[in-house]
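1. need the 3D shape of this:
(2 chains)
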Amino acid sequence: MSNYSVLSQNLSKLFGRRLIFKDINFSWEDKGIFGISGPNGSGKSTLVKIVAGLIAASSGKMIHKNSSGEIIPEKLHNHIGFVSPYLVLYEEFSAWENLKIFAEIRGVSFYEEKVLYYLTQFLLENRKDDLVKTYSSGMKQRLKFVFALMHSADVLIFDEPTSNLDEDGKKVVYNIVRNEGQNRIVIIASNESKDLELCNEVLLLEKFK
Amino acid sequence: MIAKPYALFKKDFSSELRTRYAINSLAMFIIVAISVILFSIGNETINENLTGGLFWVVIFFTAMSGLARAFVSEEERGTTLTLQLIASPSTVFSGKLIFNLILVFCMNLVIAILYSALFERFVVQNFALFLLTFILGNIGLAVASTIIAAIIAKAGAKGTLYPVLSFPILLPLILTCVQLTLFSFDGTSFEEAQFEVAIVVGYDVIMLTASYMLFDFIWKD
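-> Residues are numbered from 1 along each chain as shown, chains lettered A, B, ... in the order given. As a prediction, the model looks like this:
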């Protein structure tokens, strides 16, 4: 039991005067795989950004809690592991340098064995010292998973997790999602039916217009 | 407490050494600006007032050509989201501020050395006052430039907006620093310059406090 919970209370988001979604309520606790689905422009990426504390909701409240109480927004980033197609890693550094830098800036220990384990899982161990700018888009996507997993976050948020990935890459991601979902909260925002098949519960955003 | 901002500074420093985003443009600007002033003066000798004024004009425009990179480069490369995911706003601001402080001190040290070597009337009588002005002025310049860079990074016309927004914010600092530099040229004592020193100290404290308070709102969409 992770004792971590993500609660949404009447969450609404407007961009200017355009309503993206309104009155979203959910309570995701301890562990499990939770999906967010909806057509293009329904606000999947916007919702995961709000859950990750990257943008604010127009109204309503997003609450992250662990056994010590509610987590303040200033500290939220260390509890979140995030993967998305619009996440960009530093291309002038190697994968290994990127991950080491992230650990230092986060103020967490850099466990080399753990990072190597994930790099091996995502078939990147032989390219770990190459600059990220030399990576293909699929390799960059796999590296983002190592970035999300390396600091043992309480919540893993995967926005379109299998974009740019080949079949081998997708298999690795599905295995990771299944394993991680047994210990912590995994949130998947996707339209891919195969991605959503993994979920215990799916939130359909078209219902919140 | 300083470990995380220092780690961010180290990342920016290594990144700068590899990409040369700011260093090249700063070095080129310093060389071009001082060369143009020297060519336009020719054989004439300019007085202390003009020398002191031009010294801070070069510092201001050099800062405008390089210090915005701290945030603009993150925005242009699309790595802002990554930074938001690994660091709190105060860590990001502190890390960027350390980077800009070191950059501004190095750049202005080069400008001061070139000025003292190339300009006849750049003769400092009260060195302690000049040093204090130099340190306080650089701190104010770095703090103001960092917060303005964070504001303009999300805007469209970054190149134009930076000097336009910086000018009114930096004007009180630059004018006071020019005055203090002139005092240091004519050997004015600390007691006589204390009003101007107090203005610069006040400017630095207010800018630093306001920047930390505002950065949360600027950093998060």
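2. buried residues in the helix or strand of chain B with the lowest mean pLDDT?
-> Counting by mean pLDDT, DSSP states H and E, chain B has its least confident helix or strand at helix B:69-77, which shows a mean of 88. Within helix B:69-77, the residues that qualify as buried are B:69-75, B:77, counting by 16 or more other C-beta atoms under 10 Å in any protein chain shown. Yep, even glycine has a C-beta here, placed from its N, CA and C like the rest.
3. in the residues you listed, find the pair that's most separated.
-> The largest separation in those, counting by C-beta to C-beta, is between B:Ala70 and B:Arg77 at 12.5 Å.
4. any idea how far chain B is from A:Gly53?
-> Distance of A:Gly53 to chain B, given as C-beta to the nearest C-beta, to the nearest Å: 8 Å.
5. of the buried residues of helix B:69-77, list those near chain A.
-> Subset of the buried residues of helix B:69-77 in contact with chain A: B:Arg77, counting by C-beta under 8 Å from any C-beta of the partner chain.
6. closest one of the buried residues of helix B:69-77 to chain A?
-> Using C-beta to the nearest C-beta, B:Arg77 is the member of the buried residues of helix B:69-77 that sits closest to chain A, with 6.3 Å.
7. got a list of what the residue sitting nearest the centre point of chain B touches?
-> What sits nearest the mean C-alpha location of chain B, by C-alpha atoms, centre = their mean, is B:Leu141, with 3.7 Å. By C-beta atoms under 8 Å, 6 or more residues apart in numbering or on different chains, the contact set of B:Leu141 is B:59-60, B:63, B:67, B:104, B:170, B:173.
8. kindly recompute the last result at 7 Å.
-> For B:Leu141, the contact set (C-beta atoms under 7 Å, 6 or more residues apart in numbering or on different chains) comprises B:63, B:104, B:170, B:173.
9. sorry, back to before: C-terminal to the least confident helix or strand of chain B, what's the next element?
-> Where DSSP states H and E defines the elements, the next helix or strand beyond helix B:69-77 is helix B:80-86.
10. any part of that following helix near chain A?
-> Yes. Under the criterion of C-beta under 7 Å from any C-beta of the partner chain, chain A is reached by helix B:80-86 at B:81-82, B:84-86.
11. redo those residues as TSV? Include pLDDT and distance to A:His79.
-> TSV is the format used below for the residues of helix B:80-86 next to chain A (pLDDT from 0 to 100; distance: C-beta to C-beta, whole Å):
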residue	pLDDT	distance to A:His79
B:Leu81	93	17
B:Thr82	94	16
B:Gln84	93	14
B:Leu85	94	11
B:Ile86	94	12
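12. buried ones from those residues, can you make that a ChimeraX selection?
-> Buried residues among the residues of helix B:80-86 next to chain A (16+ other C-beta under 10 Å), as a ChimeraX selection:
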select /B:81,82,84,85,86
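13. out of the residues of helix B:80-86 next to chain A, which is nearest to B:Ser145?
-> Proximity to B:Ser145 was ranked across these by C-beta to C-beta; first place goes to B:Gln84, at 21.3 Å.
14. that closest one and A:Glu167, how far apart?
-> Per C-beta to C-beta, to the nearest Å, B:Gln84 is found 32 Å from A:Glu167.
15. tell me the strands beside the lowest-mean-pLDDT helix or strand in chain A, with direction?
-> Sorting the helices and strands of chain A by mean pLDDT, DSSP H and E puts strand A:69-70 at the bottom, at a mean of 88. Strand A:69-70 pairs in its sheet with strand A:59-66 (antiparallel), by DSSP bridges.
16. related to what we said a few turns ago, continuing past the least confident helix or strand of chain A, what's the next helix or strand?
-> Later in the chain than strand A:69-70, the nearest helix or strand by DSSP H and E is strand A:80-83.
17. so which elements touch that next one?
-> Using 3 or more C-beta pairs under 7 Å, 6 or more residues apart in numbering or on different chains; DSSP states H and E, the elements in contact with strand A:80-83 are helix A:137-149, strand A:155-159.
18. list of residues touching the last one?
-> Think strand A:155-159. The contact list for strand A:155-159 (C-beta under 7 Å, 6+ apart) reads A:4, A:6, A:44-45, A:48, A:51-52, A:79-84, A:148, A:180, A:184-189.
19. any chance of a PyMOL selection covering the buried ones in these?
-> To isolate the buried members of these in PyMOL, using 16+ other C-beta under 10 Å:
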select buried, chain A and resi 4+6+44+45+48+51+52+79+80+81+82+83+84+148+180+184+185+186+187+188+189
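20. now do the residue positioned nearest the centre of chain A against A:Ala148, distance only.
-> For chain A, A:Ile157 is the residue whose C-alpha lies nearest the centre (C-alpha atoms, centre = their mean; 2.1 Å). Noted for A:Ile157: a distance of 8 Å to A:Ala148, by C-beta to C-beta.
21. just for the chain, where's the confidence low?
-> Using chain A. Applying pLDDT under 70 to chain A flags residues A:1-2.
22. my question was about chain B, not that one.
-> B:156-157, B:221.
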